[in-house]
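Colleague: quick one: sequence plus predicted model below, questions after.
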Amino acid sequence: MNRFLFMPDSFKGTLSSQQVCDTLTKAALKIIPDCKCKSIYVADGGEGTVDSFLSALKGVKHYVKVKGPYMETMRTYYGLINDGDTAIIEVASCAGLDIVKNHKNPLLTTTFGVGQQLLDAAEQGVKRIIIGLGGSCTNDGGCGAAAAVGIKFLN
């Protein structure tokens with residue numbers, strides 16, 4: 001019996017981890033019809049991180065309105081696992097390269113929306129927060145997120 005285990009990250013800007021797994025499974029079954037395929041969705045902290053956690057740990061997506069990379073209002077999400085005790089936030093969901101596409105300018109983009117997600121998660125009563133840092137379109141070092149949660153920068 002031929003067995004395949006697929007564990008790819010996304011192909012940035014083209015396919016999600018799940019889509020890559022689905023494509024590989026379809027191809028394997030076409031060539032070896034009686035093979036057994038298992039897929040595990042993975043991510044490196046960027047886009048797809050929340051989906052990977054939710055797939056593995058059976059959590060839920062929580063949607064929230066935040067400020068995007070250029071301070072535009074947008075709808076995004078984070079994951080809740082462990083009966084809502086843990087939040088999974090990926091920076092890429094509100095300050096990611098996929099959002100800005102060809103309008104990249106890290107001197108003007110912000111992680112402010114990440115801070116808004118942190119506040120929302122705290123309001124939901126989470127006890128632990130995991131943040132995936134990959135895929136960011138900013139270089140503010142988290143200052144935008146810090147400002148959103150109330151840190152004042154004086155100089």
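Modeller: All right, it came through fine.
Colleague: mind listing the strands for this protein?
Modeller: Using DSSP state E, the strands assigned to the chain run over residues 3-6, 36-39, 60-67, 73-81, 86-90, 128-132.
Colleague: select, out of those, the one closest to Val100.
Modeller: Distance to Val100, taken as C-beta to C-beta, is lowest for strand 73-81 among the strands of the chain, at 11.5 Å. In this view, the C-beta of every residue, glycine as well, is placed from N, C-alpha and C.
Colleague: partners of that closest one in the sheet?
Modeller: strand 60-67 (antiparallel), strand 86-90 (antiparallel) (DSSP bridges).
Colleague: same list, the ones you listed, but as a markdown table with mean pLDDT, mean neighbour count and distance to Thr49 please.
Modeller: Written out in a markdown table, the entries for the strands paired with strand 73-81 read as follows (pLDDT from 0 to 100; neighbours: other C-beta atoms under 10 Å; distance: least, C-beta to C-beta, whole Å):
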| stretch | mean pLDDT | mean neighbour count | distance to Thr49 |
| --- | --- | --- | --- |
| strand 60-67 | 98 | 16 | 12 |
| strand 86-90 | 97 | 26 | 4 |
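Colleague: of all the ones you listed, which one is nearest Gly48?
Modeller: Nearest to Gly48 among the strands paired with strand 73-81 is strand 86-90 (7.8 Å), distances taken as C-beta to C-beta.
Colleague: ok, which of the strands paired with strand 73-81 comes nearest Leu133?
Modeller: strand 86-90 (8.3 Å).
Colleague: now the angle from the closest one to strand 128-132?
Modeller: Angle between the axes of strand 86-90 and strand 128-132 is 20 degrees (criterion: axes from the mean of the first three to the mean of the last three C-alpha atoms, to 10 degrees).
Colleague: distance check, the residue lying closest to Tyr63 once chain neighbours are set aside against Asp51.
Modeller: The spatially closest residue to Tyr63, leaving aside those adjacent along the chain, is Tyr77, at 5.0 Å (C-beta to C-beta, 6 or more residues apart in numbering). The span separating Tyr77 from Asp51 equals 10 Å under the rule C-beta to C-beta, to the nearest Å.
Colleague: now swap in Val126 and tell me
Modeller: 18 Å.
Colleague: next up, the contacts around Arg75.
Modeller: With contact set as C-beta atoms under 8 Å, 6 or more residues apart in numbering, Arg75 has these partners: 63-65.
Colleague: redo that, cut-off 7 Å
Modeller: 63, 65 (C-beta atoms under 7 Å, 6 or more residues apart in numbering).
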